[in-house]
Every structure is written in C-alpha cells, then in structure tokens.
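In: Sequence first, predicted coordinates after that:
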Amino acid sequence: MSSKADLKRSHIIQTAIQYLKDNDLSTVTLERIAERANISKGGLLYHFNTKDALQTAIAETILNEVIQSFEHLASFEQGTGRLSRAFILTSQKDLANGASLNIAIQILQNDHSSISTVYECLLEELFQDGLEASVVHLIRLTIDGLYYSKLLNIAPISAKATNGVFEQLMHMTRKD
C-alpha cells in the first residue's frame, strides 16, 4: 500500500502531466503546478525540491507508464508480430490521450541516453518478433512521424486518417 507521501507525489506528477498535455513545457513553474494540484508551493517543494526534479519524475513516470502499457497489451497478443502489434496499440493509445511520450522526450531532450536506451531495448524486441526487419522499420518510422507531427504541429493529420494509418500498421504485422 502506498504511503500518504507517495500518493501526494503521484498526484503532483499526474497533475503536472495533465498540465503539460495542455500547455508548453516552457510555461511550467512550480507555482503553477502547485496551484493546479491544490497544494502550497512549500508542499510541492517537500516532494520535489527543484523544477528539474519534478520534470525528471514526470519523464520517468511517463516512460514507466508507456512500458507498462506495452507489456500489458503484449500479454493479449499472440504469434508472429505480437510485440509489434502491442507497440502499435500502445502508441495509438498514447497519441489519442495527449501524446505523453512527447512530453518525456521534451524533458529529456538534453539527456538522450535515458529515452534512447528504453527505445533501443524495445526495438531489439520488435526485431525478434518474427517480422521482416523492413516491416519493423516502417512501423517504427511511421509511428515516430505521427509523434513528431503532433509535437511540432507540422501538417498533423486528422483522427480518421491517423486511425487508418494504425489499421494499416496492424495489417502489416499479420502474416496471411
């Protein structure tokens, strides 16, 4: 069971993630997050003594949530391409819910090692999924493009078109 402090810490992180889904990273202040979380700035500082500490906790939480979602969805898939399908479904879910992974990428932009290590491990698993390497590369690069388009707001495609892309990616993982 989580302690009261753990629950408060989690509440602060989730509040900050929601704030970042609606606002730019450059607008984050401890005051704004404390206000959104309905706690004093001192209460926030008890759990996170700096803005960097809070942002690191946000990025770590997002990465852990994405990994847990991937593992959960993979447990329902079977056969060749099961991990690739779980990757597609995890990405589809995250993009539909505000692209939290983009938040982690922005926070960790100066420390590529953290996110790169996680992503490289995931890709290693996908390449052992029984699909041709070119198919895995197409899936990965398409999903990367969807994230970057949303992050940079460069010619984003409609939700309907996005769903069509995900359907095609899922189709690519199934051997006839």
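Out: Noted; the coordinates are in hand.
In: so what's Glu77 up against?
Out: Each residue near Glu77 by C-beta atoms under 8 Å, 6 or more residues apart in numbering is listed here: Leu83, Arg85, Ala86. For glycine as for every other residue, the C-beta is placed from the backbone atoms N, C-alpha and C.
In: Just the pLDDT at the second one, thanks.
Out: Right, the one you point to is Arg85. Looking at Arg85, its pLDDT reads 97.
In: pretty sure it is in contact with Met172, am I right?
Out: No - counting by C-beta atoms under 8 Å, Arg85 does not reach Met172; the two are 9.7 Å apart.
In: that older thread, can you list the contacts of Glu77 in JSON lines and add distance to Ile157?
Out: Formatted as JSON lines, these follow (distance: C-beta to C-beta, whole Å):
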{"residue": "Leu83", "distance to Ile157": "25"}
{"residue": "Arg85", "distance to Ile157": "21"}
{"residue": "Ala86", "distance to Ile157": "23"}
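In: Which of these sits closest to Ile13?
Out: Using C-beta to C-beta, Ala86 comes nearest to Ile13 of these, at 24.5 Å.
In: Which helix or which strand is home to that closest one?
Out: helix 82-96 (DSSP states H and E).
In: Other residues contacting that helix?
Out: The contact list for helix 82-96 (C-beta under 8 Å, 6+ apart) reads 66, 69-71, 73-74, 76-77, 100-101, 122, 125-126, 128-129, 131, 135-136, 139-140, 143, 146-147, 150, 159, 162-163, 166, 169-170, 173.
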